[in-house]
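Asker: Got a predicted structure plus its sequence, pasted below:
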Amino acid sequence: MTDNLARLREAAARGDRDAEDQLVELAGERGDLDELRRLAESGNSDAVDILVESAGEREDLQELRRLAAQGSSAARDVLVELTDDDTDR
(Lines give C-alpha, C1' and ligand atoms only; values in the text may rest on other atoms or scores of the structure.)
Protein backbone atom coordinates (compact mmCIF):
# COMPACT_ATOMS: atom_id res chain seq x y z
CA MET A 1 0.00 0.00 0.00
CA THR A 2 2.81 2.42 0.85
CA ASP A 3 4.38 2.09 -2.60
CA ASN A 4 0.99 2.69 -4.16
CA LEU A 5 0.49 5.81 -2.00
CA ALA A 6 3.93 7.08 -2.95
CA ARG A 7 3.15 6.62 -6.65
CA LEU A 8 -0.22 8.33 -6.24
CA ARG A 9 1.39 11.26 -4.41
CA GLU A 10 4.01 11.62 -7.14
CA ALA A 11 1.36 11.53 -9.86
CA ALA A 12 -0.80 14.03 -7.98
CA ALA A 13 2.20 16.33 -7.58
CA ARG A 14 2.61 16.22 -11.36
CA GLY A 15 -1.00 17.36 -11.74
CA ASP A 16 -2.75 14.03 -12.25
CA ARG A 17 -6.27 14.82 -11.03
CA ASP A 18 -7.30 11.15 -10.97
CA ALA A 19 -4.39 10.32 -8.67
CA GLU A 20 -5.35 13.22 -6.41
CA ASP A 21 -8.96 12.02 -6.31
CA GLN A 22 -7.77 8.52 -5.36
CA LEU A 23 -5.59 9.97 -2.60
CA VAL A 24 -8.56 11.87 -1.20
CA GLU A 25 -10.72 8.77 -1.28
CA LEU A 26 -8.08 6.59 0.37
CA ALA A 27 -7.30 9.21 3.02
CA GLY A 28 -11.00 9.54 3.80
CA GLU A 29 -11.39 5.77 4.13
CA ARG A 30 -8.34 5.54 6.41
CA GLY A 31 -9.28 8.60 8.42
CA ASP A 32 -5.89 10.10 7.54
CA LEU A 33 -6.49 13.71 8.56
CA ASP A 34 -2.89 14.76 7.88
CA GLU A 35 -3.14 13.57 4.27
CA LEU A 36 -6.52 15.25 3.88
CA ARG A 37 -5.13 18.51 5.29
CA ARG A 38 -2.20 18.37 2.88
CA LEU A 39 -4.55 17.83 -0.04
CA ALA A 40 -6.91 20.55 1.18
CA GLU A 41 -4.03 23.00 1.49
CA SER A 42 -3.11 22.27 -2.12
CA GLY A 43 -6.63 23.34 -3.10
CA ASN A 44 -8.59 20.09 -3.22
CA SER A 45 -12.18 20.95 -2.32
CA ASP A 46 -13.17 17.30 -1.83
CA ALA A 47 -10.53 16.98 0.89
CA VAL A 48 -11.89 20.14 2.53
CA ASP A 49 -15.41 18.71 2.45
CA ILE A 50 -14.29 15.48 4.13
CA LEU A 51 -12.36 17.42 6.78
CA VAL A 52 -15.39 19.59 7.51
CA GLU A 53 -17.66 16.56 7.78
CA SER A 54 -15.20 14.73 10.03
CA ALA A 55 -14.60 17.76 12.26
CA GLY A 56 -18.33 18.33 12.55
CA GLU A 57 -18.93 14.73 13.59
CA ARG A 58 -16.19 15.02 16.22
CA GLU A 59 -17.34 18.51 17.21
CA ASP A 60 -13.75 19.64 16.66
CA LEU A 61 -14.20 23.41 16.86
CA GLN A 62 -10.49 24.10 16.47
CA GLU A 63 -10.33 22.23 13.15
CA LEU A 64 -13.52 23.89 11.97
CA ARG A 65 -12.13 27.33 12.86
CA ARG A 66 -8.92 26.54 10.97
CA LEU A 67 -10.89 25.48 7.89
CA ALA A 68 -13.19 28.50 8.15
CA ALA A 69 -10.15 30.80 8.38
CA GLN A 70 -8.91 29.24 5.15
CA GLY A 71 -12.17 30.19 3.47
CA SER A 72 -14.46 27.19 3.91
CA SER A 73 -18.04 28.42 4.12
CA ALA A 74 -19.16 24.89 5.00
CA ALA A 75 -16.86 24.95 8.05
CA ARG A 76 -18.32 28.33 9.06
CA ASP A 77 -21.84 26.93 8.73
CA VAL A 78 -21.02 23.89 10.89
CA LEU A 79 -19.32 26.13 13.46
CA VAL A 80 -22.41 28.30 13.70
CA GLU A 81 -24.60 25.22 14.03
CA LEU A 82 -22.44 23.69 16.77
CA THR A 83 -21.96 26.87 18.74
CA ASP A 84 -25.67 27.71 18.49
CA ASP A 85 -26.39 24.26 19.91
CA ASP A 86 -24.08 25.05 22.83
CA THR A 87 -25.98 28.21 23.70
CA ASP A 88 -29.30 26.36 23.60
CA ARG A 89 -28.27 24.05 26.44
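Answerer: Okay, I see it.

Asker: Select the helix or strand of this protein having the lowest average pLDDT value.
Answerer: helix 73-88 (a mean of 87; mean pLDDT, DSSP states H and E).

Asker: What lies in contact with it?
Answerer: Residues outside helix 73-88 that contact it (C-beta atoms under 8 Å, 6 or more residues apart in numbering): 48-49, 52, 55-56, 59, 61, 64-65, 67-68. For glycine as for every other residue, the C-beta is placed from the backbone atoms N, C-alpha and C.

Asker: same question, stretch 48-58
Answerer: With C-beta under 8 Å, 6+ apart, stretch 48-58 has contacts from 24, 27-28, 31, 33, 36-37, 40, 60, 63-64, 67, 70, 72, 74-75, 78, 81-82.

Asker: Of the contacts of helix 73-88 - the most surrounded one?
Answerer: Counting neighbours by other C-beta atoms under 10 Å, residue 64 comes out on top of those with 26 neighbours.

Asker: That one and residue 23: what is the separation?
Answerer: 23 Å (C-beta to C-beta, to the nearest Å).

Asker: Could you point out which residue ranges in this structure have low pLDDT?
Answerer: Within the chain, the stretches with pLDDT under 70 are 1, 85-89.
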